[in-house]
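Novice: model this:
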Amino acid sequence: MRDPRPGSLTRVVYHDRVRLQDYLTRIGVSDPVRADLDTLRRVHLAHREAFLFENVTIQTGGSIRLGLDDLQRKFLDEGAGGYCFEHNTLLAAALRDLGFAPVTLLGRVRRGPPERWCRTHMVLRIPIADSGSRIPDYLADVGFGGLGLLEPVALRERAASRQGGLEYALRRENGMWVLSMTDASAMQDLYEFTDDPQTPWDVEVANHFTSTHPDSVFRRALTIQRTRRDERQILRSDTLTIIRDGQSVDEPVEPSRLRAIARERFGVALPDRPLVCEQYAAAV
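Specialist: The predicted model follows:
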């Protein structure tokens, strides 16, 4: 739902209802019957495999809108993907209609110098009240691209989960949760986050910075990523990375081949006009 007044900002209303059957059909999940851990796992994995992680809208000069109607039009009707705020907002809406009570959290991606880390990654805490387990909450995140979780993980100290050839682990550090990932060569921290719930406007602020700030990685580079249980493909402007069984292989991408690779590998048709990242590069 949007504020219709001229010049007004997008207003996100998280209690809007998702087109649940269209969403479940799009991700290939049938008949989830209750808000339990099995359903959460099935929906999480199916979402990951159904939708691309990409920033094509940003790179082609568009704006990222988090209203539910906008997200459903983009993901369900147009067959596009998006980045963390879009993916996890859509997932949260679907989970609410399935009977879950997701809580929005914001985290800092641990990339680059620590003084430049900021809360520009959205994740979800999912209580599982009737799990029969001593672990009532799970971390869900369908918006971290090719290196991210395939399935939710228990939100507890030293929780570990092997998924698609990668090992994930959670730990507590200085009052924060830290999610790390280990592949065949090394361990790396992916992001940190705290337990304090975030409002829709917190998400809007983070989304605005991430999609519009000139130093944001999502403006400086094109990325298109596909995640499957047996393979992860990550295109970042000049490099295509293929991950199988925890082993990564990087292939250089010549600028003249970028649009062909996006089309052939991911089914994404990029425009002939310069992308935002190409405009930045040309201005240097």
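
Novice: so Trp49 touches Glu231, yeah?
Specialist: To be clear, residue 49 is Glu; Trp isn't right here. No. The criterion here is CB atoms under 8 Å, and Glu49 misses it with Glu231 at 10.6 Å. For every residue, glycine as well, the C-beta is placed using N, CA and C.

Novice: Let me know the secondary structure of the most centrally placed residue in the chain.
Specialist: Central residue of the chain (CA atoms, centre = their mean): Gly143, 1.0 Å from the mean position. Applying DSSP: H, G, I helix; E, B strand; the rest coil to Gly143 yields a three-state assignment of coil.

Novice: That one contacts Ala92, correct?
Specialist: No. With contacts counted by CB under 8 Å, Gly143 stays clear of Ala92, the gap being 10.6 Å.

Novice: on that earlier part again, identify the residues contacting the residue nearest to the centre of the chain.
Specialist: 53, 82-88, 121-123 (CB atoms under 8 Å, 6 or more residues apart in numbering).

Novice: among those, which are in helices?
Specialist: Here DSSP state H is the test, and the contacts of Gly143 give 84-88 as lying in helices.

Novice: still on that earlier bit, for the contacts of Gly143, which one is nearest Leu37?
Specialist: Nearest to Leu37 among these: Val123, at 17.4 Å, using CB to CB.

Novice: just checking, that closest one touches Val142?
Specialist: No. Between Val123 and Val142 there is no contact under CB under 8 Å: 9.5 Å.

Novice: Shouldn't Ile126 be within a strand?
Specialist: Yes. Counting by three-state DSSP, Ile126 is part of a strand.

Novice: in the chain, which spans are strands?
Specialist: 53-54, 103-109, 119-127, 137-140, 153-154, 160-163, 166-173, 176-182, 187-193, 223-227, 232-236, 239-244, 247-252 (DSSP state E).

Novice: Now do Ser131, the pLDDT please.
Specialist: Ser131 is assigned a pLDDT of 53 by the prediction.

Novice: Correction: the previous question concerned Arg265.
Specialist: 97.

Novice: Next up, the contacts around it.
Specialist: Arg265 sits next to 224, 226, 233, 235, 240 when contact means CB under 8 Å, 6+ apart.

Novice: Distance-wise, check the residue nearest to the centre of the chain relative to Arg244.
Specialist: 22 Å (CB to CB, to the nearest Å).

Novice: again, but for Pro102
Specialist: On the measure of CB to CB, Pro102 and Arg244 end up 31 Å apart.

Novice: the more surrounded of those two?
Specialist: Applying other CB atoms under 10 Å to Pro102 and Arg244 shows that Pro102 carries more neighbours, namely 21 against 15.

Novice: For Met51, which non-adjacent residue is closest in space?
Specialist: Not quite, residue 51 is Phe, not Met. The shortest distance from Phe51 to any non-neighbouring residue, by CB to CB, 6 or more residues apart in numbering, is to Gly81 (4.5 Å).

Novice: isn't the one you found right up against Asn55?
Specialist: No. Between Gly81 and Asn55 no contact is recorded; they are 9.2 Å apart, counting by CB under 8 Å.

Novice: ok, those two, which is more surrounded?
Specialist: For Gly81 versus Asn55, neighbours defined as other CB under 10 Å are more numerous around Asn55 (27 against 24).

Novice: Hmm, that one is touching Cys84, no?
Specialist: No. The pair Asn55 / Cys84 is not scored as a contact, 10.4 Å apart, by CB under 8 Å.

Novice: anything in contact with each of Val123 and Val142?
Specialist: Common neighbours of Val123 and Val142 (CB under 8 Å, 6+ apart) are Asn88.

Novice: So between the two, which is more surrounded?
Specialist: More crowded of Val123 and Val142, by other CB under 10 Å: Val142, with 31 against 25.

Novice: Touching, that one and Gly148? I think so.
Specialist: Yes. Judged on CB under 8 Å, Val142 makes contact with Gly148 at a distance of 7.4 Å.

Novice: buried ones in stretch 77-97?
Specialist: For stretch 77-97, burial by neighbour count (16 or more other CB atoms under 10 Å) applies to 80-96.
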